[in-house]
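Engineer: following is a predicted model, sequence given first.
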Amino acid sequence: MLLGSGRGLHSSLRQQSCLSLSRRSMIQYPTEKKKSFQELLAGDCYVNTQYVLRFKMGTTRKLLCEKNLTRKEVVKFRDAIANETTYEMYYDNIRLEEQVGVNASDLEFPPIQYQVGLYLFNLLYFHALYLGNKLNAIYVMGHYDFSGEISKDSEIIVNFTYSVFWEDFESKKENQDEVSDLSKHVGGDDRVPYATTAFVICIWLGLLCAAVVAYTYLRKYFTRYHSIPYVV
């Protein structure tokens, strides 16, 4: 899997190529050249990651690396979160994108267990859908915990982990069809809407009949008294 935008998590990644934004040209580097953590943060580069996504083999909270972030690195990550910086990853020809972190104070419903502050996404969830022996799609979602807080200018140790979940696309589709059929079945047998409609129709018919009767009575009343001569 390739990681893009130069927002790597550790310094043991081998660089494949670096994209120059100014000239939009590909600059090739030696295959064995290693980039430092500072270099990864500085530019838009593609590197090999250590995420392992084996077909139909899930994993939970697997440790990717343990990184001791210096004060300068913490400041850079805070700037990246403030600027809503994102990074890209590629699995074959499937493109994944996620933010570096989140400002919990900007969340509409921040988690109760975490205080307001800046957090790195130190846990990634990969959700893969497959059909037979073919991969259909992969979705990624970032999460954080206490160890990923970078609100203060101090060195911290962050454990970066990831989880992988595989799901059969056919099973997912069948479950959706079952839910859809169940909704149609329940809706067809529900007599409440029909009863409500019938009740409203009866009310309107009753009001119409009352109006006709009242009109007939008042018409006869005024016709009869209009025919009586007025005596002074």
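Structural biologist: It's in.
Engineer: adjacent strands (with direction) for the longest strand seen in the chain?
Structural biologist: Criterion DSSP state E: the longest strand present in the chain is strand 156-168. Strand 156-168 has these partner strands in its sheet, going by DSSP bridges: strand 59-69 (antiparallel), strand 123-131 (parallel).
Engineer: give the buried residues for the first one.
Structural biologist: With burial defined by 16 or more other C-beta atoms under 10 Å, the residues of strand 59-69 counted as buried are Thr59, Leu64, Lys67, Leu69. For the C-beta atoms, the positions are set from N, CA and C on the backbone; glycine is no exception.
Engineer: distance check, the second one against Asn93.
Structural biologist: With distances taken as C-beta to C-beta, to the nearest Å, Leu64 is found 23 Å from Asn93.
Engineer: over to the third one?
Structural biologist: From Lys67 over to Asn93 the distance is 29 Å, taken as C-beta to C-beta.
Engineer: could you tell me how many residues sit around Ala80?
Structural biologist: Neighbours of Ala80 under the rule other C-beta atoms under 10 Å: 21.
Engineer: excluding its backbone neighbours, what's nearest it?
Structural biologist: Residue nearest to Ala80 in three dimensions, not counting chain neighbours: Val100, with 4.6 Å by C-beta to C-beta, 6 or more residues apart in numbering.
Engineer: residues contacting the one you found?
Structural biologist: By C-beta atoms under 8 Å, 6 or more residues apart in numbering, the residues touching Val100 are Arg7, Phe77, Ala80, Ile81, Thr85, Thr86, Tyr87, Leu120, Phe121.
Engineer: again, only using 7 Å
Structural biologist: Applying C-beta atoms under 7 Å, 6 or more residues apart in numbering, we find Val100 in contact with Arg7, Phe77, Ala80, Ile81, Thr85, Tyr87, Leu120, Phe121.
Engineer: how about the helices in this structure?
Structural biologist: With helices called from DSSP state H, the chain shows them at 37-42, 71-82, 169-189, 192-226.
Engineer: show me the domain layout of this protein.
Structural biologist: 2-177, 191-232 (automatic domain parsing).
Engineer: against Leu205, how distant is Tyr215?
Structural biologist: With the distance defined as C-beta to C-beta, Tyr215 ends up 16 Å from Leu205.
Engineer: ok, Thr70 next?
Structural biologist: Distance of Thr70 to Leu205, computed by C-beta to C-beta: 81 Å.
Engineer: more neighbours: which of those two?
Structural biologist: Taking Thr70 and Leu205 together and counting by other C-beta under 10 Å, Thr70 has the greater number of neighbours (14 against 10).
Engineer: now the strands paired with strand 156-168 in TSV, with mean pLDDT and distance to Gln50?
Structural biologist: Shown next, in TSV, are those (pLDDT from 0 to 100; distance: least, C-beta to C-beta, whole Å):
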stretch	mean pLDDT	distance to Gln50
strand 59-69	91	6
strand 123-131	92	12
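Engineer: among these, which comes closest to Asn48?
Structural biologist: Checking the strands paired with strand 156-168 against Asn48 by C-beta to C-beta gives strand 59-69 as the closest, at 12.9 Å.
Engineer: low-confidence ranges in this structure?
Structural biologist: Within the chain, the segments meeting pLDDT under 70 span 1-45, 107-115, 171-194, 221-222, 224-232.
Engineer: cutoff 90 now
Structural biologist: For the chain, the stretches flagged by pLDDT under 90 are 1-53, 56, 65, 67, 80-120, 132-136, 143-154, 168-232.
Engineer: show me the contacts for Gln99.
Structural biologist: For Gln99, the contacting residues are Glu84, Thr85, Thr86, Phe121, Gly142, by C-beta under 7 Å, 6+ apart.
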